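Undergrad: sequence-free structure coming up:
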């Protein structure tokens, strides 16, 4: 993906935001959570909603709220996601194609998958970039939500890799045409400069020099770990997007769905999700759990040594994500961001990731 491609994506985002400013009020989708009333939800859910009450809400890369409902055949509450409130955040979402991707996932891929919140309604407006997702309210049912400061243990990590194996087997070597690799993302041309800038900012705090080879050769190494075979990946399966319910794992926030090799996703998930010592002790066994679950779900019987090598190389992915998140700031609480980067830097060293990448270039 070239700088020109980035400019094309930014231009598309600017056109959508401009169209929304001029004519958005006449488009069919609500523009704020205040606009999500009973009539709107009745259309989106194809059910009769008679009342809507806001339980709580917040904003980030999207606007989110829990809503209490009454009506015919409607759940007691739902979780609603919509476009972000600020233009700057919406532009970031346009660069990553987040809204269109998540709506496509729930519409095209989610039916039949396990470990995914139930979807009651989904719409994306290609003219304005606005979207609405009406999902199951997981906060209303007994669920456990981990985070980077409270890592998952090996038993829960096994549940997560089994869930990923089910997803990967379902779409093995047949990802949808609209999906693309992480290295083919419109933001890929910006990643190298962002890595180098972030490394300079954090050089006195953490041993970020371990990743200098990755920073300086990002485009080449990113393409290397994205070589086939491909499947559908969640793309952002860190602890903040995990939940556990009734002894099973689930995944939230499907806005970064990509095609790629499972080594990338497994490395990202285990490195970001587990305490470093637990990961070191359990990762080979967890990859075996994944291989067995993949084959049992109808996927291929992957070679053990090849998957290990792809996993070692794939550890560049949590490093890249964690370094940029910590270096830029504002996307996560600082303690969470720095803890994630500590885990990623430890993995680069443990797995000798740079050497594994150099050997294959």
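TA: That came through fine. Please read these numbers as outputs of a predicted model, since none were measured by experiment.

Undergrad: and the closest residue in space to residue 170 that isn't next to it in sequence, helix, strand or coil?
TA: Among residues not flanking residue 170 along the chain, residue 113 sits closest, at 6.7 Å (Cβ to Cβ, 6 or more residues apart in numbering). C-beta here means a position set from N, CA and C on the backbone, and glycine is covered the same way. Here residue 113 is coil, with the state taken from DSSP: H, G, I helix; E, B strand; the rest coil.

Undergrad: residue contacts, residue 113?
TA: For residue 113, the contact set (Cβ atoms under 8 Å, 6 or more residues apart in numbering) comprises 166, 167, 170.

Undergrad: which strand residues bridge residue 80?
TA: When assigned by DSSP bridges, residue 80 has beta-bridge partners residue 65, residue 134.

Undergrad: and for residue 51?
TA: With DSSP bridges as the criterion, residue 51 is bridged to residue 70.

Undergrad: ok, it - contacts?
TA: So residue 51 contacts 38, 69, 70, 71 (Cβ under 8 Å, 6+ apart).

Undergrad: can you redo the contacts of residue 113 as JSON lines with neighbour count and distance to residue 257?
TA: Formatted as JSON lines, the contacts of residue 113 follow (neighbours: other Cβ atoms under 10 Å; distance: Cβ to Cβ, whole Å):
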{"residue": "166", "neighbour count": "19", "distance to residue 257": "15"}
{"residue": "167", "neighbour count": "26", "distance to residue 257": "10"}
{"residue": "170", "neighbour count": "17", "distance to residue 257": "13"}
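
Undergrad: in helices, which of those appear?
TA: Residues of those located in helices (DSSP state H): 166, 167, 170.

Undergrad: which of the residues you listed sits closest to residue 151?
TA: Proximity of the ones in helices among the contacts of residue 113 to residue 151 (Cβ to Cβ) peaks at residue 167, which lies at 21.6 Å.

Undergrad: quick one: the closest one from residue 237, how far?
TA: In this structure, residue 167 and residue 237 are 9 Å apart, going by Cβ to Cβ, to the nearest Å.

Undergrad: could you list the low-pLDDT ranges of the protein?
TA: 1-9, 60-61 (pLDDT under 70).

Undergrad: domains of it?
TA: Using automatic domain parsing, the domain ranges for the chain come out as 3-140, 154-360.

Undergrad: ok, back up a step: kindly reformat the ones in helices among the contacts of residue 113 as CSV containing distance to residue 254.
TA: Shown next, in CSV, are those (distance: Cβ to Cβ, whole Å):
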residue, distance to residue 254
166, 15
167, 10
170, 14
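
Undergrad: which of the residues you listed sits closest to residue 312?
TA: Nearest to residue 312 among the ones in helices among the contacts of residue 113, with distances taken as Cβ to Cβ, is residue 167, at 21.9 Å.

Undergrad: ok, back up a step: got the phi and psi for the residue nearest to residue 170?
TA: Phi and psi for residue 113, reported as degrees, to the nearest 10, are phi -80, psi 150.

Undergrad: hang on, the earlier thing: the domains of the chain into a markdown table, with extra columns for distance to residue 147?
TA: As requested, the domains of the chain are exported to a markdown table (distance: least, Cβ to Cβ, whole Å):
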| stretch | distance to residue 147 |
| --- | --- |
| domain 3-140 | 14 |
| domain 154-360 | 5 |
